[in-house]
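**Student:** What shape does this take:
(one chain, ligands or ions: 1)
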Amino acid sequence: MNLHYQTNDKGHLAIGGADALDLAYEYGTPLYVIDEMRVRDNYRRVYKAFSGEYKKFQIFYAAKANTNLAVLRILEEEGSGIDAVSTGEIYTALLSGFQPERILYTGNNVKTPELEYAMQSGVRINVDSTSQLKRLLEVPGSEGLKISFRVNPLVGAGHHDHCITGGKLSKFGVMEEEAVRVYKLAQELGFNPVGLHTHIGSGILDPEPFKLAVQVLMDVAGRVHSEAGVNFEFIDFGGGLGIPYTPDEPLLEIKTFAKEIVGLFKDKLYQYDLGNPTMCIEPGRYLVGDASYLLTQVNTVKQSYRKFVGVDAGFNTLLRPTMYGSYHHILVADKPEAAPAGNVDVAGNICESGDLFARDRPLPEVKEGDILAIMNAGAYAFSMASHYNSRPLPGEVLVKEGQTDVIRERETFADLLSKQNLPRRLLK
Ligand code: LLP
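**Tutor:** Below is the predicted model of the structure:
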């Protein structure tokens, strides 16, 4: 089994050295629990694998996966940069201590005021279209600005159609075949294009499409260098590195992956005489996905036409199963190693039939009051959470060597309403 978890001497699930049951009882459920060392270990594993092959290497953590300030601080300490896709993410990254030059802003369908904000913040701007480029020109201070372009290499991959961002159906980036023209246009407009970027999709376990995209992008780099005279300071291959969600999904062998990717990269640098630009990648899920659990309590065991295990979390806290049909492994926190006793549907508490964490899932005997731990809840869980059904958002706890810190307070009902105003005429 390639899923990562630990147990303690009681046989309970342990997260960062703390007993999952204690955490659930102390802080209440639903609750996200993040294992600090796992985030650090994930980062170090990727960094070591790539930088061992090519020294000028930089990770831009894709903040959208998890924007908790503590998570950002941890990754800043590790030396990461940030892939920010909105001005809100820029704001959050700056607040958590990232230097602006370590933030790459890759917006799509951005408004001019957002470009202004990015410019004023001093972050690097990665341009998605000629429309955006022309509007950037209007922003005071943009003259001579160093920029990069996101290019769609016509290769896409991902765990679900929604998460494939390369290819003919994708809204992202400039077309591969117009790259030279776009870099020339940028120069004519007085910009200084120094970077090249792509991101082909998310949740990729098969290295092949990623390798193909690297080759296509490097061919683009070669053409842009020879035809537009651009000397690249960095080339960024985006994120997408997958993690196993089911027990028998493979692990991405990061050392082999890095070796192959860097090998292709270096060959093409040499072939096209591109010097030695910084190589960048933007993992989100790989760094934080398996570092967090969503703890939830069973409140109802119900035999209807099927057997339902009803819990106190729902798709408002983890949308992935409902939105993408994603599998998330579930452990019973006091007996993660117990053998399955039968198949059940694990249902949330949202008023929709699609609110299921698992259909027909083999689970050990589960009774009301038990704590379940939904795995791989570190990426795209809280960051996609909502107030649907007027449910306040859960809290988040960070654990390191058994020490726990509340890094996000559980919301209250008042938080649900804090931004609403009743017009005077409706006041009672
Ligand atoms: N860079 C860019 C420009 C991106 O758009 C993304 C993800 C990443 C990097 C990081 O991808 P990762 O390494 O995390 O796969 N909500 C979906 C994932 C959407 C990802 C969107 N972009 C999910 O829950 O699977």
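**Student:** What segments of the stretch 101-250 of the chain are helices?
**Tutor:** For the stretch 101-250 of the chain, applying DSSP state H, counting those that start in this stretch gives helices covering 112-121, 130-137, 179-188, 207-228.
**Student:** Around residue 413, count how many other residues there are.
**Tutor:** By other C-beta atoms under 10 Å, the residues close to residue 413 number 10. The C-beta positions use only the backbone N, C-alpha and C, and glycine is treated the same way.
**Student:** What of residue 264?
**Tutor:** Look at residue 264: counted by other C-beta under 10 Å, it has 18 neighbours.
**Student:** Equivalent analysis for residue 392, please.
**Tutor:** Residues lying near residue 392 (other C-beta under 10 Å) number 15.
**Student:** before we move on, what about residue 254?
**Tutor:** A count of nearby residues for residue 254, using other C-beta under 10 Å, gives 17.
**Student:** Could I get the pLDDT score of it?
**Tutor:** pLDDT, residue 254: 97.
**Student:** and what of residue 91?
**Tutor:** For residue 91, pLDDT reads 98.
**Student:** The host helix or strand of it - contacts with which helices or strands?
**Tutor:** Assessed by DSSP states H and E, residue 91 sits inside helix 87-95. Applying 3 or more C-beta pairs under 8 Å, 6 or more residues apart in numbering; DSSP states H and E, one finds that helix 87-95 makes contact with helix 69-78, strand 81-84, strand 103-106, helix 112-121.
**Student:** highest average neighbour count across these?
**Tutor:** Counting by mean count of other C-beta atoms under 10 Å, strand 81-84 has the highest mean neighbour count of the helices and strands packed on helix 87-95, with a mean of 28.
**Student:** Can you list the strands that that one pairs with?
**Tutor:** Strand pairing for strand 81-84, using DSSP bridges, gives strand 57-62 (parallel), strand 103-106 (parallel).
**Student:** Please state the mean pLDDT value computed over the shortest one.
**Tutor:** Looking back up the chat, that one is strand 103-106. 98.
**Student:** Does that strand reach the ligand?
**Tutor:** Yes - counting by C-beta under 6 Å from any ligand atom, contacts between strand 103-106 and the ligand involve residue 106.
**Student:** What residues does residue 221 make contact with?
**Tutor:** 196, 232, 235, 268, 272, 274 (C-beta atoms under 8 Å, 6 or more residues apart in numbering).
**Student:** what lines up beside the longest strand anywhere in the chain in the sheet?
**Tutor:** Determined from DSSP state E, the single longest strand within the chain is strand 292-303. Strand 292-303 pairs in its sheet with strand 31-35 (antiparallel), strand 307-311 (antiparallel), strand 371-374 (antiparallel), by DSSP bridges.
**Student:** Using PDB, write down the CA coordinates of it.
**Tutor:** What follows is strand 292-303, C-alpha atoms only, in PDB (Å, rounded to 0.1, in the frame of the first residue of the first chain):
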ATOM      1  CA  SER A 292      -3.400  16.300   6.200                       C
ATOM      2  CA  TYR A 293      -6.500  14.400   7.300                       C
ATOM      3  CA  LEU A 294     -10.100  15.400   7.600                       C
ATOM      4  CA  LEU A 295     -11.300  14.000  10.900                       C
ATOM      5  CA  THR A 296     -15.100  13.500  11.100                       C
ATOM      6  CA  GLN A 297     -17.400  11.700  13.500                       C
ATOM      7  CA  VAL A 298     -19.900   9.100  12.600                       C
ATOM      8  CA  ASN A 299     -23.300  10.300  13.800                       C
ATOM      9  CA  THR A 300     -25.600   7.900  12.100                       C
ATOM     10  CA  VAL A 301     -25.300   4.300  11.000                       C
ATOM     11  CA  LYS A 302     -28.400   3.500   8.900                       C
ATOM     12  CA  GLN A 303     -29.500   0.500   7.000                       C
END
